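Student: Here is a sequence with its predicted model. Questions after.
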Amino acid sequence: MGMARYVVDAVVLEGRSVRDVARAHGLSKTWIYELIGRYRAGGYGALEPRSRRPRSCPHETPPELVQEVLRLRRELESAGHDCGPATIRYHLLAERADAPSRATIWRILKREGLIVPQPQKRPICTRIRFEADLPNEMWQTDITTWQLSDGSPAEILNLIDDHSRLFLGSDAYERVKAADVVSSLHKAAQLHGLPYSLLSDNGAVFTGSPRRGKVLLQTELERLGVQFKNSRPYHPQTCGKVCVLAWRCRPLGWRGSPQLLV
């Protein structure tokens, strides 16, 4: 109310013209006249900001229907049944044709404090797709587990170029160790050169940051001047390109030990 009261005092008490006050403060003369009229009708209290909420809302859920939703909620909950929006709507449709939608019922329950909103998965349209502008600007690496024909497990370390999707390397091991990651990196670099950056997930052979340390790959990348990037925990979509490409290029009918495939 500070500016409104100042404007009213300037015109009513100090005797300044509405035109001068409006010009001095960049205000509308119509607004100043409105403030003066409100002041003369109700004093300084009438200068308080007024709510812009409409007095009526044609599409607002009728109060009696809201009470019906709350009644069904209480009855279903006391009987030990599911009492979510979908169930409440199912019972409402059996009693009346103007039952609100499930989303409306959810909003009613939320407004009454009867449910706690849970974070939902973001729709696909909100995902931000990224791609390196140039070859060797960023590589992606990840490990794919596989089962050989004799039933023994194997782990495949894959490397791709983020820009061109070129499969840079695919090495199989019985179990990928820290030294294996560095070895596969150097094998790919001998053919294609070193990348500007390398992206991986938070696997123990890739990064020691979750344990407040460093693994061999991080130390080697620092020595080579390659920037290391890792996805945030529990977000495999960041390294989705290498995962999808590895699955499409998965080997068929493996025979023998993993060492033969390195």
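Tutor: Thanks, I have it. Quick caveat: nothing in here was measured; it's all calculated off a predicted structure.

Student: where exactly do the helices run in this protein?
Tutor: 2-8, 18-25, 29-42, 63-78, 85-95, 102-111, 178-192, 216-224, 240-248 (DSSP state H).

Student: Any chance of those in CSV with mean neighbour count and distance to residue 231 as columns?
Tutor: Placement of C-beta: from N, CA and C, glycine included. Listed next are these as CSV, based on neighbours: other CB atoms under 10 Å; distance: least, CB to CB, whole Å:
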stretch, mean neighbour count, distance to residue 231
helix 2-8, 15, 50
helix 18-25, 14, 53
helix 29-42, 14, 53
helix 63-78, 14, 41
helix 85-95, 15, 35
helix 102-111, 16, 32
helix 178-192, 17, 16
helix 216-224, 16, 15
helix 240-248, 16, 10
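
Student: can you put the ones you listed in CSV and add mean pLDDT and distance to residue 140?
Tutor: Listed next are the helices of the chain as CSV, based on pLDDT from 0 to 100; distance: least, CB to CB, whole Å:
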stretch, mean pLDDT, distance to residue 140
helix 2-8, 83, 56
helix 18-25, 88, 58
helix 29-42, 87, 59
helix 63-78, 91, 48
helix 85-95, 91, 41
helix 102-111, 91, 39
helix 178-192, 92, 12
helix 216-224, 92, 14
helix 240-248, 62, 4
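
Student: so can I have CSV of those showing distance to residue 205?
Tutor: Below are the helices of the chain laid out as CSV (distance: least, CB to CB, whole Å):
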stretch, distance to residue 205
helix 2-8, 62
helix 18-25, 66
helix 29-42, 67
helix 63-78, 49
helix 85-95, 45
helix 102-111, 44
helix 178-192, 5
helix 216-224, 7
helix 240-248, 15
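
Student: And the ones you listed: which comes nearest residue 133?
Tutor: Among the helices of the chain, the nearest to residue 133 by CB to CB is helix 240-248 (15.0 Å).

Student: Which of the helices of the chain sits closest to residue 146?
Tutor: Across the helices of the chain, residue 146 has its closest neighbour in helix 240-248 (9.6 Å, CB to CB).

Student: Can you list the low-confidence ranges for the stretch 101-250 of the chain?
Tutor: Applying pLDDT under 70 to the stretch 101-250 of the chain flags the ranges 118-129, 234-237, 240, 243-250.

Student: closest to residue 206 out of the helices of the chain?
Tutor: Set against residue 206 and scored by CB to CB, these come closest in helix 216-224, at 5.8 Å.

Student: got the angle between that closest one and helix 178-192?
Tutor: Interaxial angle, helix 216-224 versus helix 178-192 (axes from the mean of the first three to the mean of the last three CA atoms, to 10 degrees): 40 degrees.

Student: contacts for helix 216-224?
Tutor: Residues outside helix 216-224 that contact it (CB atoms under 8 Å, 6 or more residues apart in numbering): 178-179, 181-182, 185, 194, 198, 200, 205-208, 227-228.

Student: Now distance to residue 42 too, for these, in TSV please.
Tutor: Shown next, in TSV, are those (distance: CB to CB, whole Å):
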residue	distance to residue 42
178	77
179	82
181	76
182	79
185	77
194	76
198	69
200	67
205	74
206	69
207	66
208	69
227	66
228	67
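
Student: before we move on, back to that, how about the helices of the chain, which one is nearest residue 48?
Tutor: helix 2-8 (8.4 Å).

Student: can you list contacts of the closest one?
Tutor: In contact with helix 2-8 (CB under 8 Å, 6+ apart) are residues 21, 25, 27, 32, 35-36, 39, 44, 47.
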